[in-house]
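> no FASTA, just this:
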């Protein structure tokens, strides 16, 4: 499902035209397969570099942290405290086990969603990025369900009556699909709208108006969808391990 | 002035994409209802504003899913054009 694939190199044409496609910058032939280095990969690498550099700097700083926090330590403490609160308020005692994973994907998805602001093509507007995130959640749900409820985790599919088994099964399988499609659709709609705004409007409409659109489509929508993705992951997992 | 088969399929795909976005009506109504009830809840109990807001946003995001299915269908019809392969 390689959506929005455009088989033209980035620098081929600079026509005035809506541009929200995934482009490729290089191609490799490995074992009969053609692999592409797409704009999604570039964005992911840049985001990873930024996050790694940030974490290294914070790690250095926190090792000889003072009594009174200052500078970047403030930011790090704010972020960690906020994420701790969010996870613990919705998962309770179980939050301790999941706070690391949830915080990681929260920061990653948030930076990915608002990367459209910095001129990158948001990586989460590629279904190849959001589907694995949904599948990780799926794996997490069922790993914890089996660990907690053993065989009962599977016999629960036949509750309340065995006739409902197909519907329950579809309900379980729809979870990763709806999670990933929700994130993908929201970020892609923002990307498409910004592409149309930049590509198809006359020059006088590109003064000031894109700023407001960026605030809504990149920052507001991106932050909401990040929150929703993490919240739903926590709700689904907590549903399986609650007593 | 004949219409080629490709042209006909592309035109019908565009019409289908437009029709698929009718799915946006439902989430709009649903999100509006959720926001309205959240507003009245904040009016009754201003102290619980942050809880109400987060619950409302979660519910609205879930309600938005069906609209996004329509959007994904429209995008696939327009830019992937799977029906062209059936020729």
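Perfect, thanks for sending it. Remember, predicted model here, so these are calculated numbers, not experimental data.

> quick one, grab the pLDDT at residue 18.
Since no chain was named, I'll use chain A. Note on residue A:18: pLDDT of 73.

> looking at chain B here, not the other one
Listed pLDDT for residue B:18 reads 94.

> from residue B:77, how far out is it?
9 Å (CB to CB, to the nearest Å). Bear in mind the C-beta positions are built from the backbone N, C-alpha and C, glycine included.

> try residue B:32
According to CB to CB, residue B:32 and residue B:77 sit 27 Å apart.

> ditto for residue A:146
With CB to CB as the criterion, residue A:146 and residue B:77 are 39 Å apart.

> give me the element residue A:46 is part of.
Element membership for residue A:46 (DSSP states H and E) is helix A:39-63.

> list the buried residues in that helix.
A:39-44, A:47, A:54, A:58, A:61 (16 or more other CB atoms under 10 Å in any protein chain shown).

> close to chain B, is the next helix or strand after that helix?
Downstream of helix A:39-63, the first helix or strand assigned by DSSP H and E is helix A:72-91. No: Helix A:72-91 does not reach chain B (CB under 8 Å from any CB of the partner chain); its nearest approach is 8.9 Å.

> returning to what we had before: the more surrounded of residue B:32 and residue B:77?
The neighbour count for residue B:32 versus residue B:77, taken as other CB atoms under 10 Å in any protein chain shown, is higher for residue B:77 (21 against 12).

> whatever residue of chain B ends up closest to chain A: neighbour count?
Closest to chain A within chain B is residue B:68: 3.3 Å, counting by CB to the nearest CB. Around residue B:68 there are 22 other residues, counting by other CB under 10 Å.

> wait, it sits on residue A:185?
Yes: applying CB atoms under 8 Å, one finds residue B:68 in contact with residue A:185, separated by 3.3 Å.

> and the residue of chain B closest to chain A, what does it touch?
A:181-182, A:185-186, A:189 (CB atoms under 8 Å, 6 or more residues apart in numbering or on different chains).

> ok, the residue nearest the centre of chain B to residue A:184 distance?
Residue closest to the average C-alpha location in chain B (CA atoms, centre = their mean): residue B:67, at 2.0 Å. Residue B:67 is 13 Å from residue A:184, where distance means CB to CB.

> helix/strand/coil for the residue lying closest to residue B:59 once chain neighbours are set aside?
Nearest non-adjacent residue to residue B:59, counting by CB to CB, 6 or more residues apart in numbering or on different chains: residue B:34, 5.2 Å away. Classification of residue B:34 by DSSP: H, G, I helix; E, B strand; the rest coil places it in helix.

> residue A:27 too?
strand.

> with residue A:145 instead?
Applying three-state DSSP: residue A:145 is helix.

> nearest to chain B: which residue in chain A?
Closest point on chain A to chain B, by CB to the nearest CB, is residue A:185, at 3.3 Å.

> all set now, cheers.
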